Structure formats: structure tokens, C-alpha cells
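**Student:** Need the 3D shape of this:
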Amino acid sequence: MFSRFMRPTSCLLNRAFSTSTKTNANVAVLGASGGIGQPLSLLMKLSPFVTRLSLYDIAHTPGVGADLSHISTKAQVKGFLGPEQLSDCLKGAEVVLIPAGVPRKPGMTRDDLFNTNASIVRDLVAACADVCPKAMLCIITNPVNSTVPIAAEVLKQKGVYDPNRVFGVTTLDSVRAVTFIAEAKELSVKSINLPIIGGHSGVTIIPLISQCTPAVSFPQEQRDKLTVRIQNAGTEVVEAKAGAGSATLSMAYAAAKFAESLIEAMGGADGKVECAYVQSDVTEATYFATPLLLGKNGIEKNLGIGNMIDYEKKLVDAAMPELKANIKKGEDFVNRSKS
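**Tutor:** Residues are numbered from 1 along each chain as shown. Below you'll find the predicted structure:
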């Protein structure tokens, strides 16, 4: 099911794109001075689809903006500094990328990030609701399983929630899975499509290897190891950096890949499919990542799960308790804040 809808995206290093589509998007990056924000802003500046790039953070954004503005691509760049300039940053934004927050350190789970990052996402999304309520919101800030429900609840309170325009960016899970499978099978990464469903942490990350194209197979022990590696790849990077940060460069690449597919689809390009964590009725979890057909208004169609083997069904069952608890935690955070 998934492979039937998939077409190669034109992300970043592959510049072939239809001249008939709209390629002049106004993009805002919130948290643009951080470990993800800076490389993500660079990739957006390099994108042929971005005409205006607005950068926001609580420190250093004028310098980041000035630095990027010297690059000879068409996007016009400006940095905005501090809460008093947030509204100006968001004016006219069509796509808002939110990597703002504190990174994970060794020994920390994504849940440990919750208290700080939940407040950051709540406040930034509230500003988006006031200034650019029709923008596509792409939530990168961890824990995504909770921060996307936070964003949705804030938008509901503001009366501007559109579930087709709010995405948890889980593209990095797909990028990693494709990379690992390509290495294991000595395939080109460009030839592989693989849906990753569920959530964006630990056991909630569910690679559907049975739906990979081209078809691949692994002995059960190797499949187990590969699945666990995909689920724990973020921790692999955190530990390798030994306290110096988390997955910033790969996350920036993945977020830019998603953003480019979304912008192309908004401009009329057909067949743009990406996995993302969104409001969903596909499973008993009210938010769930699946392949999405993107369109002019965000989600054009949720492509669902497709046929799973028993092993993958068990992964979904194992993910449900944690995923539902993460969702409830995010929703409760906003409701408590309101009271």
C-alpha cells in the first residue's frame, strides 16, 4: 500500500522539480539559533522552494540571519530576537518549523525533556494561532509524542485548530531506517521506501520492514536487532556525542526533507508522501504516525497502516500504552495551564 503511493522527493541534493508548482514559500524557523535550528535554517536557505526565511530565537538570531543572508540563493533572510519580535517573525508565514527546546543529554529520556519543552511549544504555538493561524505547523521539539497534542490543544483553545495542518516531524526515523537497511543489504538509499508508523520515541517507533520497497527480508534475530537499532538510534547519537548534544544534523536534514515535500505539495505537486505524527483514527491512539499524501491544504489523505505481519502487529500493541500515556500527558499539560 505504501509503496504504491511513494514517489522520490526532491529534497535538498536533488534539485529537479516542476516549474509549474509554486516555489515561493514563506517559512519561519522558531528556535533558529539552536543545534537543530542553525543547520535547518541553512538547508531552508539553500532550498529552491523558499523565498522568505524568518528566523526566531531568544539569542543570536540577528547574527545567524546576517550570516545566512550572504548566501547566494533566492530566500530573503531576517532574524528576530526575543518574545517581543515573535509576532513580526510569524507575519505571513505559510510553513512554521519548530525545533525550539533543550536537547537530550546522556541518561535523559525524551520524557525528561517534557517540562521545559512543553512550555516552549505551548507559547510558540499560541503565537502562531494569533498571527498565522492557517500556517502549516511542523513540530520537531521533543518529546514529539506529547508536544503535538500540546500544539493541538492550544490551537483548539484559540479556535483555529485544523488537524490537517499540524505535523509531528518523524521523518528522521524513516531516514535512519532507510540508511540502516541500505547498509545491511548493500542497496542505494535512493532506491528504498520504508514506512515508519507509531510515534517518535523508543518502542513507539515501528518500522514496517515487511512493506519496504524493494522487498527485503531478514532472519528474525537480525530483524529484531535492526528494529531495536531504529528505535534507539537517537540514544546512539546522544551517547556517541558524550554530552555534547543530540541528533542535530540528521534531524535538520530530515526536517528539511519533510518541509520541502510539504511546500511542493502546497504548490500543487502530486504524489508527495511523507510519514508524520498527526491526529488520527487509524488506531486506538488519537495521534499516530503513518504515511500521508500531502496536498495544498496539508494532509490530503492518510494512507494508513496497510498489511502488517504478526511481528509488526505485536510492535503496535507494545507501543500503545506508552503512546497513549504520552498523548494524555501533553493534553493534560495544556488543560492544567488553562485552569
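
**Student:** For this protein, which segments count as strands?
**Tutor:** Ranges of strands within the chain are 25-30, 50-57, 76-81, 95-98, 136-139, 166-168, 196-198, 205-207, 273-279, 287-295, 298-302, based on DSSP state E.

**Student:** I'd like the mean pLDDT over the third one, please.
**Tutor:** Which is strand 76-81. For strand 76-81, mean pLDDT is 98.

**Student:** do stretch 53-63 as well
**Tutor:** The average pLDDT within stretch 53-63 is 98.

**Student:** Same question for stretch 262-279.
**Tutor:** 97.

**Student:** And it, what's buried?
**Tutor:** 262-267, 269, 272-279 (16 or more other C-beta atoms under 10 Å). C-beta here means a position set from N, CA and C on the backbone, and glycine is covered the same way.

**Student:** Closest to Ser41 out of those?
**Tutor:** Within the buried residues of stretch 262-279, the smallest distance to Ser41 is 15.1 Å, found for Ile263 (C-beta to C-beta).

**Student:** The closest one and Leu303: what is the separation?
**Tutor:** In this view, Ile263 and Leu303 are 20 Å apart by C-beta to C-beta, to the nearest Å.

**Student:** do the same with Ala182
**Tutor:** For Ala182 relative to Leu303 (C-beta to C-beta), the value is 23 Å.

**Student:** hey, where'd the helices end up in the stretch 1-150 of the chain?
**Tutor:** Here the stretch 1-150 of the chain has its helices, by DSSP state H, counting those that start in this stretch, at 2-5, 37-46, 61-69, 86-90, 114-131, 144-158.

**Student:** I'd like those helices written out as CSV, with mean neighbour count added.
**Tutor:** Below are these laid out as CSV (neighbours: other C-beta atoms under 10 Å):
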stretch, mean neighbour count
helix 2-5, 16
helix 37-46, 24
helix 61-69, 18
helix 86-90, 19
helix 114-131, 19
helix 144-158, 24
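
**Student:** To Asp224, which of these lies closest?
**Tutor:** Among the helices of the stretch 1-150 of the chain, helix 2-5 sits nearest to Asp224 (C-beta to C-beta), with 21.8 Å.

**Student:** burial count for Ala182?
**Tutor:** 17 (other C-beta atoms under 10 Å).

**Student:** Neighbours of the closest residue to it other than its chain neighbours, how many?
**Tutor:** In space, Ala182 comes closest to Val189 once its chain neighbours are excluded; the distance is 4.4 Å by C-beta to C-beta, 6 or more residues apart in numbering. When neighbours are defined as other C-beta under 10 Å, Val189 has 12 of them.

**Student:** In contact with Val189, which residues?
**Tutor:** Residues in contact with Val189 (C-beta atoms under 8 Å, 6 or more residues apart in numbering) are 178-179, 182.
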